[in-house]
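>>> structure for the following, please:
(one chain, ligands or ions: 1)
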Amino acid sequence: MAQSSSDQRGTEWWRSAVIYQIYPRSFSDGMGQDGLGDLVGITERLPALVDLGVDAVWLSPFYTSPQKDAGYDVADYCDVDPIFGTLADFEAMQRKVHELGLKLIVDLVPNHTSDQHAWFGAALAAPEGSAERDRYMFRDGSGPHGDLPPNNWQSVFGGAAWTRVTRPDGTPGQWYLHLFDTSQPDLNWQNSWVREQFRDILRFWLDRGVDGFRVDVAHGLIKAEGLPDYTPPADAGSMGGTLGLEPEIEGHAEVDPPTPPYWAQEGVHEIYRDWHRVLEEYGGDRVLCAEAWVEPLAKLANWVRPDEMQQAFNFSYLETAWNGPALRSVIADSLTAFSSVGAPSSWVLSNHDVVRHASRLALTEDNPQGHGIGPKTLGKPVRALGLRRARAATALMLALPGSAYIYQGEELGLPEDVDLPDDARQDPTWFRTNGTRYGRDGCRVPIPWEAAKPDYGFSHVQRSWLPQPTDWGPYARDSQEGLDGSTLELYRSLLSARAANGLGLGEIEWLDGYPDDVVAFRNGAVTVIANTGEAVVPLPAGEVMLSSEPLGVGALPGDTTVWLRG
Ligand code: GLC
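Residues are numbered from 1 along each chain as shown. Purely as a prediction, here's the structure:
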């Protein structure tokens, strides 16, 4: 059966785009003051992304922020933090993005603000029950003296999801909800004033010309009435998903996983319908992309109904083990689920919140999303195996119809930094769990550009906010440029062949007759065969367009993907 990325087969750019995620603090330090990446650095390095062959960039937050959660704690949604530059730097960067023919997506963080946001300051200064307090989730405590949290919810980063405030007279007051760090109070999205503010924030950036928004925690804005207690299953990842090693075979979820009272509540959808209308005022195929850790895919598809968002990250795909049956199943389910609402599927393997796939795909122990890996992790990934699988996995992903996301550094084959010293760690997860979870710093280390420079050319001051491993020279961009077989050259070839053959807007036809470990399909004029097993598989006749590893004669080795013409 043929499966396409969308029933309606529209041609809007975001249906098939390859979108490159820039994590600004770790991309390039152009201002050269502090070893932190910034907007000037991004502008300088944009030509490298054109050269790679992507269509758009998504920037993680660069807004005013105390940086308690690396910028996902926003103190002013309409300004640039001085560590990243100024609004003028943003405008210069955006001009350059557009001049180069790329699209620009910025991050929107609506679930919570920073505790340094003026709205939260006003809420703390105002009396209980005031309009200012109602913009956040303040509640009385439980227990005889209100000195216990209002319910048992746990923060994604560990510890209670509630913090008690102190009244001006020094007595203990109410509690506020923070699904993430204490410094990230949740907004009350039942409050119409909050909704109005965010319409204005969308317009602020749309007026400046952005092409869309990646919406942070898009499954979290509305909480269930009465905020009932909830205990998640032991294997749940922090955001609601699971990064399991067990293959997830078709129909694995006989019953839908329970819906926590803080994720995936029905009420979020009217918010996105409202934002859809705001984007429509601006025309030009703007995009909203949901970061929603929602399973199963049929439920996630609700985020991309025709009058809501345009895309949702396919975390079910990201969470799937390197396993033939599991991959076939999740690809088929994705295409079915998203096309049932006329949306493209998205595909993603890495981002700033998960263990880089060049390491994750070789883990031998379960590792729930957000926990991270470090020096004491059991079953540490073997680098060569991880890279080999990552290259094969990317070659499979980039052949699929729909839109694909690439996280900075994966085109270099970067592994997770497993040996980051404890005293360098910055992720709130590490602190809130007293070091029992490493968190996400290992995938956020500044990326290497030039092998011979002390900080691999990341910063003019030869510093980087997280230390870079000393053995990253071979991963540096300039070590790989023009080098036959390098991961950078593989990504370039994949992206150019994907574009030349229109794979993003194509449809797939499954090919039978291969061993179970093999994922095989045709997308237009291209036959794609991914061998997730160890045994060599005979190759059918056909001209080899590219392969993730050298091929034997007429043979596809294990952990290798090939694209054939015809
Ligand atoms: C999202 C971001 C993550 C952040 C969290 C809280 O999951 O991707 O980095 O910590 O939201 O904003």
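>>> give me the distance between residue 234 and residue 450.
Using C-beta to C-beta, to the nearest Å, we find residue 234 at a distance of 45 Å from residue 450. C-beta: built from backbone N, CA, C; applies to glycine.
>>> got the residues of the stretch 201-350 of the chain near the ligand?
216-217, 239, 291 (C-beta under 6 Å from any ligand atom).
>>> residue 51: which of these is nearest?
Residue 51 lies nearest to residue 291 out of these, by C-beta to C-beta, at 27.9 Å.
>>> let me know the secondary structure of the residue of the stretch 1-150 of the chain found nearest the ligand.
As assessed by C-beta to the nearest ligand atom, the ligand sits closest to residue 72 within the stretch 1-150 of the chain, at 3.3 Å. When classified by DSSP: H, G, I helix; E, B strand; the rest coil, residue 72 comes out as coil.
>>> got it, and the one 10 residues further on?
Using three-state DSSP, the structure places residue 82 in coil.
>>> quick one: pLDDT of it?
Note for residue 82: predicted pLDDT of 98.
>>> next one: it from residue 113, what distance?
Relative to residue 113, and taking C-beta to C-beta, residue 82 is found at 19 Å.
>>> other residues contacting the helix or strand containing residue 48?
In the assignment (DSSP states H and E), residue 48 maps to helix 39-52. For helix 39-52, contacts defined as C-beta atoms under 8 Å, 6 or more residues apart in numbering pick out 20, 22, 24, 27-31, 57, 59, 62, 80, 84-85, 89-90, 92-93, 96-97, 100-102, 411, 449, 477, 488, 491-492, 495.
>>> run the last query once more with 7 Å
With contact meaning C-beta atoms under 7 Å, 6 or more residues apart in numbering, helix 39-52 is reached by 20, 22, 24, 27-31, 57, 62, 80, 84-85, 89-90, 92-93, 96-97, 100, 102, 411, 477, 491-492, 495.
>>> in helices, which of those residues appear?
Under the assignment DSSP state H, these contribute 89-90, 92-93, 96-97, 477, 491-492, 495 to helices.
>>> and the strands in the stretch 151-300 of the chain?
With DSSP state E, counting those that start in this stretch as the criterion, the stretch 151-300 of the chain has strands at 162-166, 172-177, 212-215, 287-290.
>>> is the second one anywhere near the ligand?
Right, strand 172-177. No - under the criterion of C-beta under 6 Å from any ligand atom, strand 172-177 makes no contact with the ligand; the nearest approach is 13.5 Å.
>>> average pLDDT across that strand?
The average pLDDT within strand 172-177 is 98.
>>> that strand pairs with which strands?
Within its sheet, strand 172-177 is paired with strand 138-139 (antiparallel), strand 162-166 (antiparallel), according to DSSP bridges.
>>> quick one: contacts of it?
Strand 172-177 is contacted by residues 128, 136-141, 147, 149-150, 161-167, 185-186 when judged by C-beta under 7 Å, 6+ apart.
>>> over to stretch 342-353?
Under C-beta under 7 Å, 6+ apart, the answer for stretch 342-353 is 5-8, 15-16, 21, 23, 60, 301, 304, 306, 310-314, 317-318, 334-335, 338, 356-357, 369-370, 393-394, 397, 400, 402-405, 407, 410, 440, 443-444.
>>> of the residues you listed, buried ones?
Buried members of the contacts of stretch 342-353, scored by 16 or more other C-beta atoms under 10 Å, are 5-6, 15-16, 21, 23, 60, 301, 304, 310-314, 317-318, 334-335, 338, 356-357, 369-370, 393-394, 397, 400, 402-405, 407, 410, 440, 443-444.
>>> among those residues, which are located in strands?
21, 311-312, 403-405, 407 (DSSP state E).
>>> from those, which is closest to the ligand?
Taking C-beta to the nearest ligand atom as the measure, the ligand lies nearest residue 21 of those, at 10.1 Å.
>>> bridged to the closest one, which residues?
Note on residue 21: beta-bridge partners by DSSP bridges are residue 58, residue 407.
>>> count of residues packed around residue 76?
When counting by other C-beta atoms under 10 Å, one arrives at 15 neighbours for residue 76.
>>> heads up, I number from 877, so please use that
Okay, residue one is now 877; in that scheme the one you just asked about reads as residue 952.
>>> what sits closest to it if chain neighbours are left out?
Nearest residue to residue 952, sequence neighbours excluded (C-beta to C-beta, 6 or more residues apart in numbering): residue 940, at 3.8 Å.
>>> where does the stretch 977-1126 of the chain dip in pLDDT?
1111, 1113-1114, 1116-1126 (pLDDT under 70).
>>> re earlier: looking at residue 958 and residue 989, which is more packed in?
residue 989 (27 against 11).
>>> so who does the more buried one touch?
Residue 989 sits next to 950, 995-996, 1061, 1063 when contact means C-beta under 7 Å, 6+ apart.
>>> point out the residues in this protein that sit beside the ligand.
Checking the chain against the ligand by C-beta under 6 Å from any ligand atom, the hits are 945, 948, 985, 1056, 1092-1093, 1115, 1167, 1228-1229.
>>> among the strands paired with strand 1048-1053, which is the most enclosed?
Of all the strands paired with strand 1048-1053, strand 1014-1015 has the most neighbours on average by mean count of other C-beta atoms under 10 Å, namely a mean of 19.
>>> go ahead and confirm residue 1372 touches residue 929.
Yes - applying C-beta atoms under 7 Å as the test, residue 1372 and residue 929 come out as touching, 5.4 Å apart.
>>> more neighbours, those two?
Neighbours were counted for residue 1372 and for residue 929 using other C-beta under 10 Å; residue 929 has more, 18 against 13.
>>> and the nearest residue to that one once chain neighbours are set aside, what is it in contact with?
Once flanking residues are discounted, residue 929 sits nearest to residue 1371: 3.4 Å by C-beta to C-beta, 6+ apart. Contacts of residue 1371 were listed using C-beta under 7 Å, 6+ apart, and they are 894, 928-930, 1274.
>>> could you measure from the residue of the stretch 1277-1426 of the chain found nearest the ligand over to residue 1259?
As assessed by C-beta to the nearest ligand atom, the ligand sits closest to residue 1316 within the stretch 1277-1426 of the chain, at 6.9 Å. Separation of residue 1316 from residue 1259 (C-beta to C-beta): 19 Å.
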